[in-house]
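Engineer: next comes the sequence, and after it the predicted model I'd like to discuss.
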Amino acid sequence: RHHERGFDVVGVVLDEPTEGALVRNCVAEHRMPWRQVHYTTMRNPIAPAYGVRGVPYTMLVGPDGKVIRVGLRGAELRARLERIFPGR
């Protein structure tokens, strides 16, 4: 909804590295249009860098790279995005 205005989604998959086919099938089945990052080694630098210990975990990051909010979902996420991208 807000992609053309600069909003994007990135999924970080924490499944086992050997489950690449399962991840690809899930993304296709659920028609996830955003990028999914699945590391093929046990060294996932994103999760520990942001303190992710379990999923699902949501984080809204501004264009400056600073974390705006953690844990937003559903109506709360939509409301925050409407404040960031008004008039849509």
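Structural biologist: It's in.

Engineer: can you give me the strands for this protein?
Structural biologist: Using DSSP state E, the strands found in the chain span residues 10-13, 35-38, 59-61, 67-70.

Engineer: buried sites along the shortest one?
Structural biologist: By neighbour count on 16 or more other Cβ atoms under 10 Å, the buried set for strand 59-61 is M59. Bear in mind the C-beta positions are built from the backbone N, C-alpha and C, glycine included.

Engineer: neighbouring strands for that strand, and are they parallel or not?
Structural biologist: The pairing partners recorded for strand 59-61 under DSSP bridges are strand 67-70 (antiparallel).

Engineer: now do the partner strand: distance to the chain's middle.
Structural biologist: Strand 67-70 sits 12 Å away from the centroid of its parent chain (Cα atoms, centre = their mean, to the nearest Å).

Engineer: what does that strand contact?
Structural biologist: Y50, Y57, T58, M59, L60, V61, G62, R80 (Cβ atoms under 8 Å, 6 or more residues apart in numbering).

Engineer: quick one: which of the residues you listed is nearest H30?
Structural biologist: Ranked by distance to H30 (Cβ to Cβ), those are led by T58 at 16.2 Å.

Engineer: what's the closest non-adjacent residue to the closest one?
Structural biologist: Counting by Cβ to Cβ, 6 or more residues apart in numbering, L72 is the residue found nearest to T58 once chain neighbours are left out, at 5.5 Å.

Engineer: from R31, how far out is the one you found?
Structural biologist: 22 Å (Cβ to Cβ, to the nearest Å).

Engineer: comparing these two, which residue is more hemmed in?
Structural biologist: Between L72 and R31, counted using other Cβ atoms under 10 Å, the more crowded position is L72 (16 against 6).
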